[in-house]
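[1] have a look at this prediction, sequence included:
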Amino acid sequence: MQAITLSPSSLGSIATCTTKAWLSKACGLTTKEESAALKAGSAGHAGLEVFYASKGDKEGAKLRFEEEYRAWAIDNVLSDNARSWENTRDVFEGLVDGMDVDRLPYTWEPGEVECHLTASLGVFEGVEVSLQGYVDLPVRERGTGSRYIMDHKFTGWLKSDTVEGYKLAAQFKAYAWLWEEVKAEAVAGVYVNAVEWSKLPGVRYTKAGSEYKCRTHGVGYSECRLLHANKQLVPLTLFPEDIALWKANAEGLVARYAWYVARYGEEGLDAVQYMPMEGTFGAGCLWCEFKRFCRSGRQKGLGESMFVARESREGV
């Protein structure tokens, strides 16, 4: 019997477009541009892992972020990009400097940071399918003691529409289902720790040599630029019906994807020609990292030249 392991983000890809799911999951590929977003997000997770595991070591968190991202970003990201080393360093520094462990609305156990969970979704088309996920931080709501799942989101765009999207996102219900399935403990909701790689304002001077002042804070940007990083803690309430509906929808998606795995699972990139392109019927192609490949005819040789290996961990 074949067996595959999917992540919550893999399910999202399957729902969007089978071609996208096949390239990212079955083939383990992404593009160089998308790799920068994944790398920056992974480094952010690594830094916050140190912060939470140590109950507030801010300097250790910054050092871990630097170790994970600095050299790679200098070699691969342009200096004026929001994901450049200098800008991401400052955004991450502003994030952790603004966190006071005694004033956060939740408590946690340091040993539970980055909790890896795996549970079976069932057998579909003769393929055994498991779901795995990294729970960034299992927390308890301060005061009530209710179980919440913390998920860090490092994004290039954090606006009101992004936050509204979080409230409906299946990914967070997947983490809740995993926790309940493995730990046998009800999950009351999710905290989304959302951080935008904002392009922070630079320090500028007048002809007389004095520093321009920020209109918002009334001081020079050298004093307040880190405060311009866009970040938000978004609390989401979950009900048992939400998780039950997620499970039913996930099983439908997995059954469809397993049909292709059962027939073409050994062929890798050679099989992309058999994958449907559901993304072309909606807005799925708009932000897809593989759209240039699909637009160019989905030729295997072209794909090998356009793609890079995807990080083993998904969904950051």
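    Structure's in. What do you need?
[2] so what's residue 115 closest to, chain neighbours aside?
    Nearest non-adjacent residue to residue 115, counting by CB to CB, 6 or more residues apart in numbering: residue 135, 4.3 Å away. Using the backbone N, CA and C atoms, a C-beta is placed for each residue, glycine as well.
[3] got a pLDDT number for that neighbour?
    With respect to pLDDT, residue 135 has a value of 96.
[4] before we move on, what about residue 316?
    At residue 316, the model reports a pLDDT of 34.
[5] still on that earlier bit, for the residue nearest to residue 115, give its distance to residue 207.
    As for residue 135, its distance to residue 207 is 54 Å (criterion: CB to CB, to the nearest Å).
[6] if we can go back for a sec, just to check, the residue nearest to residue 115 is in contact with residue 179?
    Yes: between residue 135 and residue 179 there is a contact at 6.3 Å, judged by CB atoms under 8 Å.
[7] any common contacting residues for those two?
    Taking CB atoms under 8 Å, 6 or more residues apart in numbering as the criterion, residue 135 and residue 179 both touch 117, 149.
[8] residue 135 and residue 207: which has the busier surroundings?
    residue 135 (22 against 5; other CB atoms under 10 Å).
[9] angles on the backbone of the more buried one, please.
    Torsion angles at residue 135 (phi, psi; degrees, to the nearest 10) stand at phi -80, psi 110.
[10] same question, residue 282
    According to degrees, to the nearest 10, residue 282 has phi -140, psi -140.
[11] and for it, the neighbour number?
    The burial count for residue 282: 10, using other CB under 10 Å.
[12] same check on the one 3 residues further on?
    The number of residues packed near residue 285 is 19, by other CB under 10 Å.
[13] could you do the one 10 residues further on as well?
    The number of residues packed around residue 295, counting by other CB under 10 Å, is 9.
[14] ok, it to residue 279 distance?
    Per CB to CB, residue 295 is found 12 Å from residue 279.
[15] so which residues make contact with stretch 248-258?
    Against stretch 248-258 from outside (CB under 8 Å, 6+ apart): 4, 6, 11, 14-15, 18, 21, 121-122, 124-127, 129, 131, 170, 174.
[16] give the buried residues for stretch 247-265.
    Within stretch 247-265, the residues scored as buried using 16 or more other CB atoms under 10 Å are 247, 250, 253-254, 256-258, 260-261, 264.
[17] repeat that for stretch 178-192.
    Quick answer for stretch 178-192 (16+ other CB under 10 Å): 178-181, 187-192.
[18] for that stretch, C-alpha coordinates in PDB please.
    Taking Å, rounded to 0.1, in the frame of the first residue of the first chain, the C-alpha atoms of stretch 178-192 are listed here in PDB:
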ATOM      1  CA  LEU A 178      -4.500  17.400  14.900                       C
ATOM      2  CA  TRP A 179      -4.200  18.500  18.500                       C
ATOM      3  CA  GLU A 180      -7.500  17.000  19.500                       C
ATOM      4  CA  GLU A 181      -6.800  13.800  17.600                       C
ATOM      5  CA  VAL A 182      -3.300  13.200  19.100                       C
ATOM      6  CA  LYS A 183      -3.700  14.900  22.500                       C
ATOM      7  CA  ALA A 184      -7.400  14.200  23.200                       C
ATOM      8  CA  GLU A 185      -7.900  17.700  24.400                       C
ATOM      9  CA  ALA A 186     -10.500  20.200  23.100                       C
ATOM     10  CA  VAL A 187      -9.200  23.300  21.400                       C
ATOM     11  CA  ALA A 188     -11.100  26.500  22.000                       C
ATOM     12  CA  GLY A 189      -9.400  28.600  19.400                       C
ATOM     13  CA  VAL A 190      -6.300  29.900  17.700                       C
ATOM     14  CA  TYR A 191      -4.000  32.900  18.100                       C
ATOM     15  CA  VAL A 192      -2.500  34.000  14.800                       C
END
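[19] before I go, just wanted to say thanks for your time.
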